[in-house]
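Colleague: below is the sequence, then the predicted model.
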Amino acid sequence: MNKKKKWYDYLWIWPIIYFTLGFFNILFAWLGMIDFIVPIIVASIGGGKAFCNRYCGRGKLFAVIPRFLKLKNRKVAPSWMYSKAFRYGFLIFFLTMFGNMVYQTYLVFAGSASLRTVVKLFWTFKLPWNWAYTVSSVPAWVTQFSYGFYSLMLTSTLIGLIVMALYRPRTWCTFCPMGTMTQGICKIRNISK
């Protein structure tokens, strides 16, 4: 018996739309802030990990791809990937990369650096992405943030796809920085009750 699908079962489409729009116009990268802000709001107002468990488009995508491709990989990831040290270490690394991106944006805003129209994969490999810079009427710092944020979103999605291919479909979710942050918010809320 098939269970009736809910609207949020189709949220796997969201990452595809996001990356497609950003591929053609980098300013759409700002839409990714939804994936940063909404989970924090949901956890902060008492929704717990509802965003991660039910509404995360990336998590849904990692669950849909193996079903679509008929992949049967159910291998459990190494235990270190589930450890608190790895999760918090990856969160710190991720926030450092986010902070660096914000700093680069500030430098462009302050006029001490010029706009770099590149997307960095895995925070290292520069891919020229200048065809996506199609709107020149916005301040350069807005565009710089777009390139940095798109890089961050693309890199984290690629990491998720790699661990999805090697292990269980939603292995990324065990160390996702947003999941770790929302879990921390939930713990703080439980302590303050």
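Modeller: Okay, I see it. Numbers count the residues shown, from 1 in each chain.

Colleague: pLDDT-wise, which helix or strand of the protein ranks last?
Modeller: The helix or strand of the chain with the lowest confidence, counting by mean pLDDT, DSSP states H and E, is strand 125-128 at a mean of 84.

Colleague: for it, packing partners?
Modeller: Other elements packing on strand 125-128 under the criterion 3 or more Cβ pairs under 8 Å, 6 or more residues apart in numbering; DSSP states H and E are strand 118-121. From N, CA and C alone the C-beta is placed, and that goes for glycine too.

Colleague: give the buried residues for the strand it packs on.
Modeller: Buried residues in strand 118-121, counting neighbours by 16 or more other Cβ atoms under 10 Å, are found at 119-120.

Colleague: so what secondary structure elements neighbour it?
Modeller: Counting contacts by 3+ Cβ pairs under 8 Å, 6+ apart, strand 118-121 packs against strand 125-128, helix 140-166.

Colleague: neighbouring strands for it, and are they parallel or not?
Modeller: Next to strand 118-121 in the sheet, as set by DSSP bridges, lie strand 125-128 (antiparallel).

Colleague: do you know the pLDDT at the closest residue to Ser146 other than its chain neighbours?
Modeller: Closest residue to Ser146 apart from its sequence neighbours, by Cβ to Cβ, 6 or more residues apart in numbering: Ala29 at 4.0 Å. Ala29 carries a pLDDT score of 95 in this model.

Colleague: same question, Met1
Modeller: 52.

Colleague: and for Lys193?
Modeller: 61.

Colleague: how about Met81?
Modeller: At Met81, pLDDT is 93.

Colleague: that older thread, extract the C-alpha trace of the least confident helix or strand of the chain and format it as PDB.
Modeller: Coordinates of each C-alpha in strand 125-128 appear next as PDB, following Å, rounded to 0.1, in the frame of the first residue of the first chain:
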ATOM      1  CA  PHE A 125      39.500  24.400  -6.900                       C
ATOM      2  CA  LYS A 126      38.600  27.600  -8.700                       C
ATOM      3  CA  LEU A 127      36.000  27.200 -11.500                       C
ATOM      4  CA  PRO A 128      35.500  30.300 -13.700                       C
END
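
Colleague: I am finished for the moment; much appreciated.
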